[in-house]
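Engineer: How does the following fold in three dimensions:
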Amino acid sequence: MSDIFAEVDEELRADRAQKLLKKYGGVLIGAAAIVVVCVAGWQAWRAHETRETNRVAAIFLEATKSAAAAPGVVRDTALIELDQIAREGSAGYRTLARLRAASLRFDAGEKDAALRLWDDAANDTAGDPVLRDLAQLLWVWHQIDSGPPDVLRSRLFKLTAPDAAWRPLAEEAQALLDLREGRKAAARDILKRLSADPAAPDGVRGRAGGLLERLSAELGD
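Structural biologist: Coordinates of the predicted model:
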């Protein structure tokens, strides 16, 4: 007897399923089609991104090699390629391209163009924060003896925070700025701290120690 009830119940479920399918079949098929299209579109976009990343990477590597050449056509071509990446590349490659192009332009005597590139990299909110801070630091370093002191000091403020990635170099720049403004005691305090800072690179500690000796002699310490 139970088998009969089971068969009837199964037929009723099948009948309900058929009615639901007739009523909502078109919607279900449409939803399934949308899912398929979305998945296919996502996969196509991922493939496009991969191809684009590989293309930009190849251009960047070639430009980096060309940039090592002596000034001339090859180096000029490298700058053109780096400028292209700065316009079209992903955030990471944009920042790297700007940093490399800025260095090349500064070495070629194009200081204003270099400063603009460092500034662009520092203000690109999509870029990596560490690279953005490096661009900010380079912007300051390359005009430490000529830029407006208040502007330079304001840009160094965030970079000298205890957890900042480039803190030792930023503090070194701050000490040089203090020396430029005649604030020798303030510079001495920074240099003392840097020369004994185990987290500072060897070069920074060495330069800080050398400056500290000369400055201490001047101050009679």
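
Engineer: so where do the strands sit in the protein?
Structural biologist: Taking DSSP state E, the chain contains no strands at all.

Engineer: And the helices in it?
Structural biologist: Using DSSP state H, the helices found in the chain span residues 2-67, 73-88, 91-107, 111-122, 129-141, 149-159, 167-180, 184-195, 202-219.

Engineer: can you give me the mean pLDDT across the fifth one?
Structural biologist: On average, the pLDDT along helix 129-141 is 94.

Engineer: orientation of that helix relative to helix 167-180 in degrees?
Structural biologist: For helix 129-141 against helix 167-180, the angle by axes from the mean of the first three to the mean of the last three C-alpha atoms, to 10 degrees is 20 degrees.

Engineer: How is the chain divided into domains?
Structural biologist: As given by automatic domain parsing, the domain ranges for the chain are 46-128, 143-221.

Engineer: what's the closest of those to residue 135?
Structural biologist: Closest to residue 135 of the domains of the chain, according to C-beta to C-beta: domain 46-128, at 3.6 Å. Every residue, glycine included, has its C-beta placed from N, CA and C.

Engineer: low-confidence ranges in this structure?
Structural biologist: 1-74, 220-221 (pLDDT under 70).

Engineer: Number of residues surrounding residue 109?
Structural biologist: Neighbourhood size, residue 109 [other C-beta atoms under 10 Å]: 8.
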